[in-house]
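> coords please:
(chains A and B)
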Protein chains: 2
Amino acid sequence: MTSVDATAVVAAAPAVVLVSGGLDSATCLAIARAEGFRCHALSFRYGQRHLAELEAAGRVAAQLGAFEHRIMDVDLAAFGGSALTDPALAVPQDGVSSQAIPITYVPARNTVFLAFALAWAEVLGAHDIFIGVNAVDYSGYPDCRPEFIAAFEAMANLATREGVDGRERLRIRAPLLDSSKADIVRRGAALGVDFGATVSCYQADASGAACGRCDACRLRKAGFAAAGQPDPTRYR
Amino acid sequence: MTSVDATAVVAAAPAVVLVSGGLDSATCLAIARAEGFRCHALSFRYGQRHLAELEAAGRVAAQLGAFEHRIMDVDLAAFGGSALTDPALAVPQDGVSSQAIPITYVPARNTVFLAFALAWAEVLGAHDIFIGVNAVDYSGYPDCRPEFIAAFEAMANLATREGVDGRERLRIRAPLLDSSKADIVRRGAALGVDFGATVSCYQADASGAACGRCDACRLRKAGFAAAGQPDPTRYR
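Purely as a prediction, here's the structure:
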């Protein structure tokens, strides 16, 4: 990013941006910054196997000029039910599933993440929450679909002071919802995202090196190829 | 409660029940039990001042025959903005507010709590989530209104596997939504709720003794009086 004028940033409208450390949320943060928002980046330590993504989230937030970055502790692993939080369940490596919801789905994860973003937005007085979900080149999770995002926005506007006061509406912004992975790569690259700083792999090692075989790696790799962009991912 | 047949309880349909330790959620749990559900009680350590309510939640869950009781750690105090989580903000003691949303409102609290309940329900295969919100004798919180509950239910059915599979719908059950506090007291008493085990006060002391002056105490006290029931609350 170009240099930041501190006074202008403080005066800018606040937005909460969910940042996972992956390619999509990094591009989403770059879009929010390009729109002029003062970005409050939010990540979660939710019991995921791949903590390297949280380090990536910190790098991404700093590189892209987030105003602050918070990591919330949320023990979704206590409920189990996903290969991303349960060491007893293996991450599939045999290709992106077509129809069924895969075992890497974490029950209600985006609902929980957006609920916290909503709480923070209400305290900040922010009317915009950015989330980098995508319903084209994705793993088929129910909480990445446009109808879910629209329903969450409707609920959020009834859940908060805004909903009672009837002032400016709260918006759930999902600017990548209808983009292909290749489009996301092109858009992020144009906005100066350093994809080498991001980690998408479901089972990255402690250094952030990717397996190259899980759904997330396959989708990412195909995205760089289709965009005609060099793939800066470190594979192990 | 009467004695529990362990085999029947395991075979019963599961439900997640939010239990705060107060009068309303205790009655709500008693209703869920009376309907025959295997009740998975869920409470939160969310940065509230009054931890005595969590001890009350444990007593209530045990007395009313919950199958299990979990307490999740959720740091809503990190965002601030409420007298219930911020020691710098005083709990009002001069009567129940009429119009404005009071300072005891915790931003997006019920959204966050229901999001976790949804995650657990999905893992358990539960189709019912009980919450003891009430929109009659209440503090005017936006996330206690019927339109919020309906919107959360609509969102929940798009957020989860159920929403994709189109199987049985998930229901947010708020059986006390339209009840007066007096009706809740009568209904709980009829179902054997020991109200002396519950704590409603916004600033209960470590022993659970109530202040008698905050909104929650005033509403509760008036409820017992209107129901013609003895008030077992320990005031300090």
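> tell me, which strand in chain A spans the most residues?
For chain A, the strand reaching the highest residue count under DSSP state E is reported as strand A:38-45.
> for that strand, C-alpha coordinates in PDB please.
Backbone C-alpha positions of strand A:38-45 (Å, rounded to 0.1, in the frame of the first residue of the first chain) are rendered in PDB as follows:
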ATOM      1  CA  ARG A  38     -10.600   2.800   8.500                       C
ATOM      2  CA  CYS A  39     -10.300  -1.000   8.800                       C
ATOM      3  CA  HIS A  40     -10.600  -2.900  12.100                       C
ATOM      4  CA  ALA A  41      -9.300  -6.300  11.200                       C
ATOM      5  CA  LEU A  42     -10.700  -9.300  13.200                       C
ATOM      6  CA  SER A  43      -9.300 -12.800  13.300                       C
ATOM      7  CA  PHE A  44     -10.200 -15.800  15.400                       C
ATOM      8  CA  ARG A  45      -8.200 -18.500  17.300                       C
END
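> and the residue nearest to A:Glu55 when sequence neighbours are not counted, which of the three is it?
Beyond its immediate neighbours in the sequence, the residue positioned closest to A:Glu55 (CB to CB, 6 or more residues apart in numbering or on different chains) is A:Gly208, lying 6.7 Å away. (Each C-beta comes from the backbone N, C-alpha and C, glycine too.) Look at A:Gly208: counting by DSSP: H, G, I helix; E, B strand; the rest coil, its state is coil.
> then A:His50?
coil.
> list the contacts for it?
Contact analysis of A:His50 by CB atoms under 8 Å, 6 or more residues apart in numbering or on different chains lists A:Leu84, A:Val199, A:Cys201, A:Tyr202, A:Gln203, A:Ala204.
> just put these in JSON lines and tack on distance to B:Gly132 and pLDDT.
As requested, the contacts of A:His50 are exported to JSON lines (distance: CB to CB, whole Å; pLDDT from 0 to 100):
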{"residue": "A:Leu84", "distance to B:Gly132": "32", "pLDDT": "68"}
{"residue": "A:Val199", "distance to B:Gly132": "42", "pLDDT": "93"}
{"residue": "A:Cys201", "distance to B:Gly132": "42", "pLDDT": "90"}
{"residue": "A:Tyr202", "distance to B:Gly132": "38", "pLDDT": "84"}
{"residue": "A:Gln203", "distance to B:Gly132": "41", "pLDDT": "86"}
{"residue": "A:Ala204", "distance to B:Gly132": "42", "pLDDT": "90"}
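> is it correct that A:Pro92 falls within a strand?
No - with the criterion set as three-state DSSP, the secondary structure at A:Pro92 is coil rather than a strand.
> is chain B contacted by stretch A:13-29?
No - no part of stretch A:13-29 sits close enough to chain B to count as contact by CB under 8 Å from any CB of the partner chain; the gap is at least 10.2 Å.
> what segments of chain A are helices?
A:6-11, A:23-34, A:52-63, A:109-124, A:146-159, A:161-165, A:181-190, A:215-227 (DSSP state H).
> closest to B:Ala61 out of the ones you listed?
Proximity to B:Ala61 (CB to CB) singles out helix A:109-124 among those, at 22.4 Å.
> alpha carbons of that closest one, as PDB, please.
What follows is the C-alpha trace of helix A:109-124 in PDB, where atoms were taken according to Å, rounded to 0.1, in the frame of the first residue of the first chain:
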ATOM      1  CA  ARG A 109     -18.300 -20.800  11.700                       C
ATOM      2  CA  ASN A 110     -19.200 -17.800   9.600                       C
ATOM      3  CA  THR A 111     -22.300 -17.200  11.800                       C
ATOM      4  CA  VAL A 112     -20.100 -17.000  14.900                       C
ATOM      5  CA  PHE A 113     -17.500 -14.900  13.200                       C
ATOM      6  CA  LEU A 114     -20.000 -12.400  11.800                       C
ATOM      7  CA  ALA A 115     -21.800 -12.300  15.200                       C
ATOM      8  CA  PHE A 116     -18.500 -11.100  16.800                       C
ATOM      9  CA  ALA A 117     -17.900  -8.600  14.000                       C
ATOM     10  CA  LEU A 118     -21.400  -7.300  14.600                       C
ATOM     11  CA  ALA A 119     -20.700  -6.800  18.300                       C
ATOM     12  CA  TRP A 120     -17.500  -4.900  17.500                       C
ATOM     13  CA  ALA A 121     -19.200  -2.900  14.700                       C
ATOM     14  CA  GLU A 122     -21.900  -1.800  17.100                       C
ATOM     15  CA  VAL A 123     -19.400  -0.600  19.600                       C
ATOM     16  CA  LEU A 124     -17.300   1.200  16.900                       C
END
